[in-house]
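Student: Need the 3D shape of this:
(chains A, B, C and D)
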Number of protein chains: 2
Amino acid sequence: MQPISIILADAQYLIRVGLRHLMDRMDDIEIVGEAKNGVDLKILLKNQSPDVVILDHLQTNNFGNDVLKKIKDFSPKSKVLIISSDDDKTNIYKTIESGVNSFLTKQCNEEEILNAIRATAKGEKFFCSKVLNFILEKSFAKEEDCDPSPLSPRECEVVKLVAEGKIAKEIADILNLSTHTIYTHRKNIMKKLQLSSTSELVRYAITNGLVTP
Amino acid sequence: MQPISIILADAQYLIRVGLRHLMDRMDDIEIVGEAKNGVDLKILLKNQSPDVVILDHLQTNNFGNDVLKKIKDFSPKSKVLIISSDDDKTNIYKTIESGVNSFLTKQCNEEEILNAIRATAKGEKFFCSKVLNFILEKSFAKEEDCDPSPLSPRECEVVKLVAEGKIAKEIADILNLSTHTIYTHRKNIMKKLQLSSTSELVRYAITNGLVTP
DNA sequence: TGTTTAATTAGACAAATTCTAAATAATGTG
DNA sequence: CACATTATTTAGAATTTGTCTAATTAAACA
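Tutor: Below is the predicted model of the structure:
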(Lines give C-alpha, C1' and ligand atoms only; values in the text may rest on other atoms or scores of the structure.)
Protein backbone atom coordinates (compact mmCIF):
# COMPACT_ATOMS: atom_id res chain seq x y z
CA MET A 1 0.00 0.00 0.00
CA GLN A 2 1.27 3.45 -0.99
CA PRO A 3 2.04 5.87 1.81
CA ILE A 4 0.20 9.20 1.96
CA SER A 5 2.25 11.79 0.05
CA ILE A 6 2.53 15.22 1.60
CA ILE A 7 3.77 18.62 0.58
CA LEU A 8 4.55 20.86 3.51
CA ALA A 9 3.91 24.54 2.88
CA ASP A 10 4.64 26.73 5.87
CA ALA A 11 6.66 29.89 6.19
CA GLN A 12 7.70 29.03 9.73
CA TYR A 13 10.83 26.98 9.83
CA LEU A 14 10.06 25.52 13.23
CA ILE A 15 6.66 24.30 12.18
CA ARG A 16 8.21 22.53 9.23
CA VAL A 17 10.79 20.91 11.50
CA GLY A 18 8.09 19.91 13.95
CA LEU A 19 5.81 18.41 11.33
CA ARG A 20 8.63 16.62 9.58
CA HIS A 21 9.81 15.16 12.86
CA LEU A 22 6.30 13.98 13.58
CA MET A 23 5.63 12.43 10.21
CA ASP A 24 9.03 10.85 9.68
CA ARG A 25 8.14 8.37 12.39
CA MET A 26 5.00 7.25 10.57
CA ASP A 27 5.34 4.56 7.93
CA ASP A 28 2.10 5.48 6.21
CA ILE A 29 3.05 9.13 5.63
CA GLU A 30 5.76 10.47 3.37
CA ILE A 31 6.80 14.08 2.87
CA VAL A 32 7.61 14.60 -0.79
CA GLY A 33 8.33 18.29 -0.67
CA GLU A 34 8.67 21.35 1.52
CA ALA A 35 7.83 24.95 0.59
CA LYS A 36 8.37 28.11 2.53
CA ASN A 37 6.54 30.40 0.12
CA GLY A 38 4.18 30.41 -2.84
CA VAL A 39 6.93 30.24 -5.45
CA ASP A 40 8.44 27.11 -3.89
CA LEU A 41 5.00 25.56 -3.72
CA LYS A 42 4.23 26.22 -7.35
CA ILE A 43 7.44 24.57 -8.48
CA LEU A 44 6.77 21.54 -6.30
CA LEU A 45 3.21 21.16 -7.55
CA LYS A 46 4.35 21.29 -11.16
CA ASN A 47 6.39 18.14 -10.62
CA GLN A 48 4.29 16.19 -8.19
CA SER A 49 0.71 15.75 -7.17
CA PRO A 50 0.64 15.00 -3.46
CA ASP A 51 -2.32 13.49 -1.64
CA VAL A 52 -2.29 16.31 0.86
CA VAL A 53 -0.87 19.83 0.94
CA ILE A 54 -0.36 20.99 4.50
CA LEU A 55 -0.58 24.75 4.37
CA ASP A 56 -0.41 27.82 6.54
CA HIS A 57 -1.45 30.57 4.23
CA LEU A 58 -2.57 33.03 6.87
CA GLN A 59 -0.68 35.20 9.35
CA THR A 60 2.11 36.08 7.01
CA ASN A 61 1.16 36.50 3.40
CA ASN A 62 3.91 34.28 2.12
CA PHE A 63 1.52 32.19 0.10
CA GLY A 64 -0.72 34.82 -1.38
CA ASN A 65 -4.48 35.07 -1.48
CA ASP A 66 -4.98 32.80 -4.43
CA VAL A 67 -2.87 29.94 -3.12
CA LEU A 68 -5.87 27.63 -2.79
CA LYS A 69 -6.91 28.26 -6.37
CA LYS A 70 -3.32 27.67 -7.49
CA ILE A 71 -3.21 24.34 -5.73
CA LYS A 72 -6.46 23.23 -7.37
CA ASP A 73 -5.16 24.36 -10.76
CA PHE A 74 -1.80 22.64 -10.57
CA SER A 75 -2.90 19.54 -8.71
CA PRO A 76 -6.67 19.05 -8.63
CA LYS A 77 -6.55 15.75 -6.77
CA SER A 78 -4.61 17.17 -3.81
CA LYS A 79 -6.46 17.79 -0.59
CA VAL A 80 -5.66 20.84 1.50
CA LEU A 81 -5.06 20.69 5.22
CA ILE A 82 -4.65 24.07 6.87
CA ILE A 83 -2.59 24.31 10.03
CA SER A 84 -3.12 27.92 10.92
CA SER A 85 -1.10 30.16 13.14
CA ASP A 86 -4.02 32.55 13.12
CA ASP A 87 -6.74 32.22 15.73
CA ASP A 88 -8.98 34.92 14.38
CA LYS A 89 -12.48 33.59 13.85
CA THR A 90 -13.25 35.73 10.85
CA ASN A 91 -10.11 34.61 9.06
CA ILE A 92 -10.82 30.99 9.89
CA TYR A 93 -14.36 31.29 8.54
CA LYS A 94 -13.07 32.87 5.38
CA THR A 95 -10.56 30.12 4.80
CA ILE A 96 -13.00 27.31 5.48
CA GLU A 97 -15.50 28.94 3.15
CA SER A 98 -12.93 29.04 0.39
CA GLY A 99 -13.04 25.27 0.28
CA VAL A 100 -10.19 23.69 2.20
CA ASN A 101 -10.63 20.11 3.31
CA SER A 102 -9.43 20.34 6.86
CA PHE A 103 -8.43 22.93 9.37
CA LEU A 104 -6.20 22.73 12.43
CA THR A 105 -4.65 25.42 14.54
CA LYS A 106 -1.10 25.24 15.73
CA GLN A 107 -2.29 24.55 19.24
CA CYS A 108 -3.25 21.03 18.17
CA ASN A 109 -1.47 18.02 19.53
CA GLU A 110 0.20 15.09 17.80
CA GLU A 111 -2.87 12.90 17.80
CA GLU A 112 -5.11 15.50 16.20
CA ILE A 113 -2.52 16.29 13.58
CA LEU A 114 -2.02 12.68 12.52
CA ASN A 115 -5.75 11.97 12.53
CA ALA A 116 -6.29 15.05 10.43
CA ILE A 117 -3.69 14.02 7.87
CA ARG A 118 -5.11 10.52 7.52
CA ALA A 119 -8.69 11.73 7.30
CA THR A 120 -7.81 14.42 4.78
CA ALA A 121 -5.93 11.94 2.57
CA LYS A 122 -9.10 9.82 2.44
CA GLY A 123 -11.00 12.88 1.25
CA GLU A 124 -12.74 13.37 4.56
CA LYS A 125 -12.98 16.69 6.31
CA PHE A 126 -11.32 17.20 9.66
CA PHE A 127 -11.54 20.14 12.02
CA CYS A 128 -9.80 20.34 15.36
CA SER A 129 -12.01 20.85 18.37
CA LYS A 130 -11.28 24.54 18.62
CA VAL A 131 -12.22 25.21 15.01
CA LEU A 132 -15.21 22.91 15.26
CA ASN A 133 -16.49 24.98 18.14
CA PHE A 134 -16.07 28.13 16.08
CA ILE A 135 -18.08 26.57 13.28
CA LEU A 136 -20.83 25.46 15.64
CA GLU A 137 -20.89 28.88 17.19
CA LYS A 138 -21.27 30.50 13.80
CA SER A 139 -23.98 28.09 12.68
CA PHE A 140 -26.13 28.06 15.76
CA ALA A 141 -25.75 31.52 17.21
CA LYS A 142 -28.48 32.59 14.82
CA GLU A 143 -30.82 33.85 17.52
CA GLU A 144 -28.26 36.45 18.45
CA ASP A 145 -27.51 38.12 15.16
CA CYS A 146 -29.99 36.85 12.62
CA ASP A 147 -30.27 40.45 11.71
CA PRO A 148 -27.21 41.70 9.86
CA SER A 149 -29.06 44.85 8.84
CA PRO A 150 -32.74 45.31 9.54
CA LEU A 151 -32.68 48.64 7.79
CA SER A 152 -34.73 49.50 4.75
CA PRO A 153 -32.88 50.69 1.62
CA ARG A 154 -33.76 54.28 2.29
CA GLU A 155 -32.64 53.99 5.88
CA CYS A 156 -29.32 52.57 4.72
CA GLU A 157 -28.74 55.58 2.50
CA VAL A 158 -29.43 57.85 5.42
CA VAL A 159 -27.10 55.94 7.74
CA LYS A 160 -24.29 56.18 5.22
CA LEU A 161 -24.70 59.90 4.80
CA VAL A 162 -24.94 60.45 8.53
CA ALA A 163 -21.75 58.45 9.03
CA GLU A 164 -20.04 60.48 6.36
CA GLY A 165 -20.55 63.47 8.53
CA LYS A 166 -23.56 65.01 6.87
CA ILE A 167 -26.22 66.72 8.95
CA ALA A 168 -29.92 66.36 8.31
CA LYS A 169 -30.18 69.45 6.14
CA GLU A 170 -27.38 68.30 3.83
CA ILE A 171 -28.83 64.82 3.57
CA ALA A 172 -32.22 66.30 2.79
CA ASP A 173 -30.67 68.33 -0.02
CA ILE A 174 -28.81 65.33 -1.42
CA LEU A 175 -31.87 63.09 -1.37
CA ASN A 176 -34.28 65.88 -2.27
CA LEU A 177 -36.35 65.39 0.82
CA SER A 178 -37.56 67.47 3.69
CA THR A 179 -35.32 67.67 6.73
CA HIS A 180 -38.24 66.24 8.67
CA THR A 181 -38.04 63.09 6.62
CA ILE A 182 -34.42 62.68 7.55
CA TYR A 183 -35.17 63.26 11.21
CA THR A 184 -37.86 60.62 11.12
CA HIS A 185 -35.64 58.13 9.33
CA ARG A 186 -32.85 58.73 11.74
CA LYS A 187 -35.10 58.30 14.74
CA ASN A 188 -36.45 55.02 13.32
CA ILE A 189 -32.95 53.77 12.59
CA MET A 190 -31.75 54.55 16.09
CA LYS A 191 -34.78 52.80 17.52
CA LYS A 192 -34.25 49.71 15.37
CA LEU A 193 -30.58 49.51 16.26
CA GLN A 194 -31.11 50.53 19.87
CA LEU A 195 -28.70 53.41 19.63
CA SER A 196 -29.05 56.61 21.51
CA SER A 197 -26.71 59.03 19.81
CA THR A 198 -25.48 60.00 16.38
CA SER A 199 -21.95 59.05 17.39
CA GLU A 200 -23.09 55.52 18.11
CA LEU A 201 -24.65 55.49 14.68
CA VAL A 202 -21.33 56.48 13.14
CA ARG A 203 -19.60 53.69 15.02
CA TYR A 204 -22.26 51.24 13.91
CA ALA A 205 -21.71 52.25 10.30
CA ILE A 206 -17.96 51.89 10.61
CA THR A 207 -17.97 48.52 12.34
CA ASN A 208 -20.54 47.19 9.89
CA GLY A 209 -18.61 48.34 6.88
CA LEU A 210 -21.23 50.78 5.64
CA VAL A 211 -18.56 53.41 5.34
CA THR A 212 -14.79 53.15 5.13
CA PRO A 213 -13.07 54.81 8.06
CA MET B 1 31.93 22.85 30.47
CA GLN B 2 28.24 22.86 31.43
CA PRO B 3 25.72 22.88 28.58
CA ILE B 4 23.21 25.73 28.34
CA SER B 5 20.08 24.70 30.25
CA ILE B 6 16.76 25.56 28.64
CA ILE B 7 13.12 25.57 29.63
CA LEU B 8 10.79 25.53 26.67
CA ALA B 9 7.52 27.40 27.22
CA ASP B 10 5.26 27.40 24.21
CA ALA B 11 1.59 26.54 23.85
CA GLN B 12 2.10 25.19 20.36
CA TYR B 13 2.96 21.53 20.34
CA LEU B 14 4.65 21.68 16.95
CA ILE B 15 6.92 24.50 17.96
CA ARG B 16 8.02 22.50 20.98
CA VAL B 17 8.71 19.48 18.78
CA GLY B 18 10.59 21.63 16.30
CA LEU B 19 12.73 23.33 18.91
CA ARG B 20 13.47 20.11 20.74
CA HIS B 21 14.47 18.42 17.51
CA LEU B 22 16.79 21.32 16.75
CA MET B 23 18.41 21.50 20.16
CA ASP B 24 18.78 17.76 20.78
CA ARG B 25 21.44 17.71 18.10
CA MET B 26 23.50 20.34 19.89
CA ASP B 27 25.92 19.20 22.59
CA ASP B 28 26.12 22.61 24.20
CA ILE B 29 22.37 22.93 24.74
CA GLU B 30 20.16 20.90 27.04
CA ILE B 31 16.40 21.15 27.48
CA VAL B 32 15.62 20.64 31.14
CA GLY B 33 11.87 21.19 30.96
CA GLU B 34 8.91 21.87 28.73
CA ALA B 35 5.79 23.89 29.60
CA LYS B 36 2.65 24.44 27.59
CA ASN B 37 1.12 26.98 29.94
CA GLY B 38 1.83 29.26 32.86
CA VAL B 39 1.08 26.68 35.52
CA ASP B 40 3.52 24.16 34.03
CA LEU B 41 6.15 26.85 33.82
CA LYS B 42 5.73 27.90 37.43
CA ILE B 43 6.20 24.34 38.64
CA LEU B 44 9.30 23.90 36.51
CA LEU B 45 10.83 27.15 37.68
CA LYS B 46 10.31 26.20 41.34
CA ASN B 47 12.59 23.23 40.87
CA GLN B 48 15.17 24.49 38.44
CA SER B 49 16.78 27.68 37.37
CA PRO B 50 17.57 27.40 33.66
CA ASP B 51 20.01 29.62 31.82
CA VAL B 52 17.35 30.49 29.26
CA VAL B 53 13.57 30.34 29.16
CA ILE B 54 12.33 30.17 25.58
CA LEU B 55 8.87 31.66 25.65
CA ASP B 56 5.95 32.50 23.43
CA HIS B 57 3.70 34.45 25.70
CA LEU B 58 1.78 36.29 23.00
CA GLN B 59 -0.91 35.21 20.54
CA THR B 60 -2.71 32.96 22.93
CA ASN B 61 -2.77 34.04 26.49
CA ASN B 62 -1.60 30.72 27.83
CA PHE B 63 1.14 32.31 29.85
CA GLY B 64 -0.59 35.35 31.24
CA ASN B 65 0.43 38.98 31.27
CA ASP B 66 2.72 38.73 34.24
CA VAL B 67 4.70 35.74 33.02
CA LEU B 68 7.89 37.78 32.66
CA LYS B 69 7.60 39.05 36.19
CA LYS B 70 6.95 35.50 37.41
CA ILE B 71 10.06 34.22 35.69
CA LYS B 72 12.17 36.95 37.28
CA ASP B 73 10.64 36.18 40.69
CA PHE B 74 11.15 32.44 40.61
CA SER B 75 14.43 32.38 38.77
CA PRO B 76 16.16 35.76 38.63
CA LYS B 77 19.25 34.49 36.83
CA SER B 78 17.28 33.08 33.88
CA LYS B 79 17.37 34.95 30.61
CA VAL B 80 14.24 35.17 28.49
CA LEU B 81 14.21 34.48 24.78
CA ILE B 82 10.90 35.19 23.07
CA ILE B 83 10.02 33.25 19.96
CA SER B 84 6.82 34.96 18.99
CA SER B 85 4.04 33.76 16.75
CA ASP B 86 2.80 37.31 16.68
CA ASP B 87 4.05 39.70 14.01
CA ASP B 88 2.24 42.73 15.27
CA LYS B 89 4.65 45.60 15.75
CA THR B 90 2.86 47.10 18.70
CA ASN B 91 2.85 43.81 20.59
CA ILE B 92 6.48 43.24 19.80
CA TYR B 93 7.40 46.71 21.05
CA LYS B 94 5.45 46.13 24.23
CA THR B 95 7.19 42.84 24.91
CA ILE B 96 10.66 44.17 24.21
CA GLU B 97 9.95 47.13 26.46
CA SER B 98 8.98 44.82 29.29
CA GLY B 99 12.56 43.67 29.46
CA VAL B 100 13.10 40.39 27.65
CA ASN B 101 16.64 39.58 26.61
CA SER B 102 16.04 38.41 23.07
CA PHE B 103 13.28 38.30 20.53
CA LEU B 104 12.78 36.06 17.52
CA THR B 105 9.73 35.47 15.39
CA LYS B 106 8.71 32.03 14.27
CA GLN B 107 9.83 32.85 10.75
CA CYS B 108 13.44 32.58 11.88
CA ASN B 109 15.69 29.85 10.59
CA GLU B 110 17.86 27.35 12.42
CA GLU B 111 20.96 29.50 12.41
CA GLU B 112 19.25 32.51 13.90
CA ILE B 113 17.60 30.41 16.55
CA LEU B 114 20.80 28.75 17.69
CA ASN B 115 22.72 32.02 17.61
CA ALA B 116 19.97 33.61 19.64
CA ILE B 117 20.04 30.88 22.27
CA ARG B 118 23.82 31.05 22.66
CA ALA B 119 23.86 34.84 22.77
CA THR B 120 21.02 34.97 25.27
CA ALA B 121 22.71 32.43 27.56
CA LYS B 122 25.75 34.69 27.68
CA GLY B 123 23.50 37.53 28.77
CA GLU B 124 23.66 39.27 25.41
CA LYS B 125 20.64 40.58 23.61
CA PHE B 126 19.63 39.09 20.28
CA PHE B 127 16.96 40.24 17.87
CA CYS B 128 16.25 38.57 14.56
CA SER B 129 16.55 40.74 11.50
CA LYS B 130 12.82 41.29 11.19
CA VAL B 131 12.46 42.49 14.76
CA LEU B 132 15.61 44.53 14.49
CA ASN B 133 14.12 46.35 11.53
CA PHE B 134 10.99 47.06 13.54
CA ILE B 135 13.10 48.51 16.32
CA LEU B 136 15.08 50.66 13.92
CA GLU B 137 11.89 51.79 12.28
CA LYS B 138 10.45 52.81 15.61
CA SER B 139 13.61 54.60 16.68
CA PHE B 140 14.35 56.50 13.51
CA ALA B 141 11.03 57.11 11.83
CA LYS B 142 10.49 60.11 14.02
CA GLU B 143 10.25 62.65 11.22
CA GLU B 144 7.19 61.01 9.77
CA ASP B 145 4.79 60.90 12.66
CA CYS B 146 6.20 63.15 15.32
CA ASP B 147 2.62 64.21 15.74
CA PRO B 148 0.60 61.34 17.13
CA SER B 149 -1.89 63.72 18.70
CA PRO B 150 -1.52 67.47 18.70
CA LEU B 151 -4.34 67.72 21.18
CA SER B 152 -3.98 69.02 24.70
CA PRO B 153 -4.91 66.69 27.58
CA ARG B 154 -8.21 68.42 28.09
CA GLU B 155 -8.99 68.25 24.41
CA CYS B 156 -8.26 64.54 24.43
CA GLU B 157 -10.77 64.02 27.21
CA VAL B 158 -13.35 65.89 25.22
CA VAL B 159 -12.66 63.92 22.03
CA LYS B 160 -13.08 60.64 23.89
CA LEU B 161 -16.39 61.66 25.37
CA VAL B 162 -17.65 63.01 22.06
CA ALA B 163 -16.70 59.73 20.38
CA GLU B 164 -18.50 57.81 23.08
CA GLY B 165 -21.65 59.48 21.94
CA LYS B 166 -21.96 62.17 24.55
CA ILE B 167 -23.32 65.58 23.67
CA ALA B 168 -21.88 68.84 24.94
CA LYS B 169 -24.22 69.10 27.88
CA GLU B 170 -23.38 65.59 29.13
CA ILE B 171 -19.67 66.21 28.72
CA ALA B 172 -20.00 69.49 30.58
CA ASP B 173 -21.71 67.66 33.46
CA ILE B 174 -19.05 64.96 33.53
CA LEU B 175 -16.16 67.39 33.53
CA ASN B 176 -17.93 69.99 35.64
CA LEU B 177 -17.65 72.68 33.05
CA SER B 178 -19.92 75.01 31.18
CA THR B 179 -21.34 73.73 27.91
CA HIS B 180 -19.68 76.71 26.29
CA THR B 181 -16.31 75.37 27.33
CA ILE B 182 -17.05 72.13 25.59
CA TYR B 183 -18.19 73.93 22.46
CA THR B 184 -14.98 75.90 22.38
CA HIS B 185 -12.83 72.84 22.93
CA ARG B 186 -14.66 70.99 20.23
CA LYS B 187 -14.28 73.84 17.79
CA ASN B 188 -10.55 74.09 18.51
CA ILE B 189 -10.14 70.34 18.14
CA MET B 190 -11.91 70.30 14.80
CA LYS B 191 -9.78 73.19 13.62
CA LYS B 192 -6.56 71.49 14.73
CA LEU B 193 -7.49 68.23 13.07
CA GLN B 194 -9.08 69.90 10.06
CA LEU B 195 -12.36 68.15 10.56
CA SER B 196 -15.69 69.63 9.71
CA SER B 197 -18.22 67.45 11.46
CA THR B 198 -18.74 65.54 14.67
CA SER B 199 -18.93 62.31 12.68
CA GLU B 200 -15.46 62.85 11.33
CA LEU B 201 -14.34 63.41 14.89
CA VAL B 202 -15.82 60.07 15.90
CA ARG B 203 -14.05 58.38 13.05
CA TYR B 204 -10.80 60.09 13.99
CA ALA B 205 -11.15 58.81 17.53
CA ILE B 206 -11.84 55.28 16.38
CA THR B 207 -9.03 55.07 13.85
CA ASN B 208 -6.59 56.57 16.34
CA GLY B 209 -7.54 54.18 19.09
CA LEU B 210 -8.91 56.81 21.45
CA VAL B 211 -12.06 54.74 21.84
CA THR B 212 -12.77 51.08 21.20
CA PRO B 213 -15.38 50.55 18.49
C1' DT C 1 -59.84 44.27 1.17
C1' DG C 2 -58.11 45.43 5.15
C1' DT C 3 -53.28 45.32 7.46
C1' DT C 4 -48.61 46.16 7.90
C1' DT C 5 -44.42 48.44 6.48
C1' DA C 6 -41.86 52.01 4.10
C1' DA C 7 -41.49 56.57 2.90
C1' DT C 8 -42.86 60.99 3.26
C1' DT C 9 -44.09 65.61 5.44
C1' DA C 10 -45.67 69.87 8.61
C1' DG C 11 -45.87 72.80 12.70
C1' DA C 12 -44.75 73.95 17.27
C1' DC C 13 -41.57 73.62 20.53
C1' DA C 14 -37.18 72.32 22.78
C1' DA C 15 -32.42 71.70 22.58
C1' DA C 16 -27.97 72.12 20.84
C1' DT C 17 -24.62 74.76 18.62
C1' DT C 18 -22.19 78.78 16.61
C1' DC C 19 -20.38 83.30 16.83
C1' DT C 20 -18.27 87.04 19.06
C1' DA C 21 -15.62 88.32 22.65
C1' DA C 22 -12.92 87.88 26.65
C1' DA C 23 -10.73 86.55 31.12
C1' DT C 24 -7.27 83.73 33.64
C1' DA C 25 -3.44 80.69 34.34
C1' DA C 26 0.52 78.41 32.81
C1' DT C 27 4.43 78.12 29.96
C1' DG C 28 8.05 79.46 27.27
C1' DT C 29 11.30 83.12 25.11
C1' DG C 30 14.44 86.76 24.65
C1' DC D 1 11.57 90.33 34.11
C1' DA D 2 8.38 91.47 30.29
C1' DC D 3 6.16 89.61 26.33
C1' DA D 4 4.10 86.12 23.55
C1' DT D 5 1.85 81.92 23.16
C1' DT D 6 -1.01 78.31 24.53
C1' DA D 7 -4.46 76.04 27.37
C1' DT D 8 -8.50 76.52 29.75
C1' DT D 9 -12.40 78.69 30.95
C1' DT D 10 -16.86 81.35 30.32
C1' DA D 11 -21.20 84.40 28.73
C1' DG D 12 -25.00 86.32 25.80
C1' DA D 13 -27.23 86.68 21.49
C1' DA D 14 -28.37 84.71 17.32
C1' DT D 15 -28.93 80.65 14.72
C1' DT D 16 -29.38 75.99 13.63
C1' DT D 17 -30.62 71.59 14.57
C1' DG D 18 -33.48 68.23 16.35
C1' DT D 19 -37.82 66.24 18.83
C1' DC D 20 -42.56 65.28 19.28
C1' DT D 21 -47.07 64.66 17.61
C1' DA D 22 -49.72 63.58 13.95
C1' DA D 23 -50.83 62.52 9.38
C1' DT D 24 -50.68 61.22 4.30
C1' DT D 25 -49.42 58.22 0.41
C1' DA D 26 -47.80 54.07 -1.76
C1' DA D 27 -46.48 49.47 -1.83
C1' DA D 28 -46.55 44.78 -0.13
C1' DC D 29 -49.10 41.10 1.88
C1' DA D 30 -52.44 37.65 3.31
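
Student: quick one, what contacts residue A:104?
Tutor: Residue A:104 makes contact with A:81-84, A:112-113, A:116, A:126-128, A:131, according to Cβ atoms under 8 Å, 6 or more residues apart in numbering or on different chains. From N, CA and C alone the C-beta is placed, and that goes for glycine too.

Student: Which of the helices or strands spans it?
Tutor: Using DSSP states H and E, residue A:104 sits in strand A:102-105.

Student: Heading C-terminal from that strand, find the next helix or strand.
Tutor: Taking DSSP H and E, what comes next after strand A:102-105 is helix A:110-121.

Student: For chain A, give me the ranges with low pLDDT.
Tutor: A:57-62, A:64-65, A:87, A:90, A:133, A:135-149, A:212-213 (pLDDT under 70).

Student: Now do the strands in it.
Tutor: A:4-9, A:29-35, A:52-55, A:79-84, A:102-105, A:126-127 (DSSP state E).

Student: for the top helix by length along chain A, packing partners?
Tutor: Ranked by number of residues, the top helix in chain A under DSSP state H is helix A:179-193. In terms of contacts (3 or more Cβ pairs under 8 Å, 6 or more residues apart in numbering or on different chains; DSSP states H and E), helix A:179-193 is packed against helix A:153-163, helix A:168-175, helix A:198-207.

Student: Can you flag the buried ones in the contacts of residue A:104?
Tutor: A:81-84, A:112-113, A:116, A:126-128, A:131 (16 or more other Cβ atoms under 10 Å in any protein chain shown).

Student: Quick check: of these, which lies closest to DNA strand C?
Tutor: residue A:131 (36.5 Å; Cβ to the nearest atom of the strand).

Student: Provide a list of residues in contact with the closest residue in space to that closest one that isn't next to it in sequence.
Tutor: Counting by Cβ to Cβ, 6 or more residues apart in numbering or on different chains, residue A:103 is the residue found nearest to residue A:131 once chain neighbours are left out, at 4.9 Å. Neighbour list for residue A:103: A:81-82, A:84, A:92, A:95-96, A:126-128, A:131 [criterion: Cβ under 8 Å, 6+ apart].

Student: wait, doesn't residue A:75 sit right on residue A:42?
Tutor: No - counting by Cβ atoms under 8 Å, residue A:75 stays clear of residue A:42, with 10.4 Å between them.

Student: quick one: the residue of chain A found nearest DNA strand C from residue A:78, how far?
Tutor: Residue nearest to DNA strand C within chain A (Cβ to the nearest atom of the strand): residue A:152, separated by 2.8 Å. Note on residue A:152: its distance to residue A:78, by Cβ to Cβ, to the nearest Å, is 47 Å.

Student: And residue A:114, by the same measure?
Tutor: 19 Å.

Student: Who has more neighbours out of these two?
Tutor: residue A:78 (22 against 17; other Cβ atoms under 10 Å in any protein chain shown).

Student: how far away is the more buried one from residue A:20?
Tutor: 18 Å.

Student: who are the neighbours in contact with residue A:6?
Tutor: So residue A:6 contacts A:23, A:29-32, A:50-54, A:117 (Cβ under 8 Å, 6+ apart).

Student: If we use 6 Å, what do you get?
Tutor: A:31, A:50, A:52 (Cβ atoms under 6 Å, 6 or more residues apart in numbering or on different chains).

Student: Which of those residues sits closest to DNA strand D?
Tutor: residue A:52 (47.7 Å).

Student: any idea how chain A splits into domains?
Tutor: For chain A, automatic domain parsing gives the domain ranges A:4-140, A:153-207.

Student: Can you tell me how far the residue positioned nearest the centre of chain A is from residue A:100?
Tutor: For chain A, the residue nearest the mean C-alpha position is residue A:94 (2.2 Å; Cα atoms, centre = their mean). According to Cβ to Cβ, residue A:94 stands 10 Å off from residue A:100.

Student: returning to that earlier point: out of the helices and strands packed on helix A:179-193, indicate the one that is most buried.
Tutor: Comparing the helices and strands packed on helix A:179-193 by mean neighbour count (mean count of other Cβ atoms under 10 Å in any protein chain shown), helix A:198-207 comes out on top with a mean of 21.

Student: right, is that helix up against DNA strand C?
Tutor: No - judged by Cβ under 7 Å from any atom of the strand, helix A:198-207 stays clear of DNA strand C, getting no closer than 8.3 Å.

Student: still on that earlier bit, need the domains of chain A in JSON lines with distance to residue B:156, can you?
Tutor: Formatted as JSON lines, the domains of chain A follow (distance: least, Cβ to Cβ, whole Å):
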{"stretch": "domain A:4-140", "distance to residue B:156": "30"}
{"stretch": "domain A:153-207", "distance to residue B:156": "16"}
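
Student: Between those domains, which one is closest to DNA strand D.
Tutor: domain A:153-207 (3.1 Å).

Student: gap between the two ends of that closest one?
Tutor: 18 Å (Cα to Cα, to the nearest Å).

Student: roughly how far out does that domain sit from the chain middle?
Tutor: In terms of Cα atoms, centre = their mean, to the nearest Å, the centre of domain A:153-207 is found 31 Å from the chain centre.

Student: burial of the residue nearest to residue A:44 when sequence neighbours are not counted, as a residue count?
Tutor: Distances taken as Cβ to Cβ, 6+ apart place residue A:33 nearest to residue A:44, at 4.1 Å, with adjacent residues excluded. Neighbourhood size, residue A:33 [other Cβ under 10 Å]: 18.

Student: ok, now the one 10 residues further on?
Tutor: Neighbourhood size, residue A:43 [other Cβ under 10 Å]: 12.

Student: Who are the contact partners of the closest residue in space to it that isn't next to it in sequence?
Tutor: Using Cβ to Cβ, 6+ apart and skipping the chain neighbours, the partner closest in space to residue A:43 is residue A:35 (8.0 Å). If you count contacts by Cβ under 6 Å, 6+ apart, residue A:35 has them with A:9, A:41, A:44.

Student: quick one: the last one from chain B, how far?
Tutor: When you say that, I think you mean residue A:44. Computed as Cβ to the nearest Cβ, to the nearest Å, the residue A:44 to chain B distance reads 19 Å.

Student: my read: that residue touches residue A:34, true?
Tutor: No - in this structure residue A:44 lies outside contact range of residue A:34 using Cβ atoms under 6 Å: 8.1 Å.

Student: Compare these two and say which is more crowded by neighbours.
Tutor: Comparing residue A:44 with residue A:34 by other Cβ under 10 Å, the one with more neighbours is residue A:44, at 21 against 18.

Student: And that one, how far from residue B:110?
Tutor: Applying Cβ to Cβ to residue A:44 and residue B:110 gives a distance of 21 Å.
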